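Student: Output the structure for:
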Amino acid sequence: AVAHGEGYANFKHQGNAKVIESNHLAAIRFIDHYGKSTQRYPFNPNGSPHGLTGVTTTDGRFTVMMPHPERVFRNVQMSWHPKKWHQHADGASPWLRMFRNARVWVN
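Tutor: Numbers count the residues shown, from 1 in each chain. Sure thing, here's the model as predicted:
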């Protein structure tokens, strides 16, 4: 699920893209089907520069991101997915793995 415009990496008034890049703080990027960061739609739905969609702090304790995995934790919530994903008995989308991993880490 995408909330267009939210999460667009805009450094016009605040922040510095060069600092993010040089300190390896880009945590998540939109990529094309070749694994390269992209600004092209539909791979990058909001056109964020260099595909930037998530940034982390220098200590890695806080990360912000534009994709909304909480909106698509089940396959039926997705606007599209491969038909073979219907085979999963619990109906979980790949995004649910992120939440399951967080729970394992907390426990």
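Student: Contacts only, for the residue of the chain positioned farthest from its centre.
Tutor: Relative to the centre of the chain, and counting by CA atoms, centre = their mean, the farthest-placed residue is Ala89 at 24.8 Å. If a contact means CB atoms under 8 Å, 6 or more residues apart in numbering, then Ala89 has no contacts. Just so you know, the C-beta spots here come from the backbone N, C-alpha and C atoms, and that holds for glycine as well.
Student: And the pLDDT at it?
Tutor: For Ala89, the pLDDT comes out at 70.
Student: Could you do Asn101 as well?
Tutor: So Asn101 comes in at 92 (pLDDT).
Student: Run a quick neighbour tally on it.
Tutor: Applying other CB atoms under 10 Å, we find 10 residues neighbouring Asn101.
Student: Next, the buried residues of the host helix or strand of it.
Tutor: Using DSSP states H and E, Asn101 sits in helix 96-106. Within helix 96-106, the residues that count as buried by 16 or more other CB atoms under 10 Å are Leu96.
Student: just stretch 86-93 next, same as before
Tutor: Result for stretch 86-93 [16+ other CB under 10 Å]: buried residues Ser93.
Student: how long is it end to end?
Tutor: 10 Å (CA to CA, to the nearest Å).
Student: Stretch 64-77 too?
Tutor: With CA to CA applied, stretch 64-77 spans 22 Å between its terminal residues.
Student: residues contacting Val55?
Tutor: Ala9, Ile20, Leu25, Ala26, Ala27, Thr63, Val64, Met65.
Student: make it 10 Å
Tutor: By CB atoms under 10 Å, 6 or more residues apart in numbering, Val55 lies in contact with 7, 9, 15, 17, 20, 25-28, 62-66.
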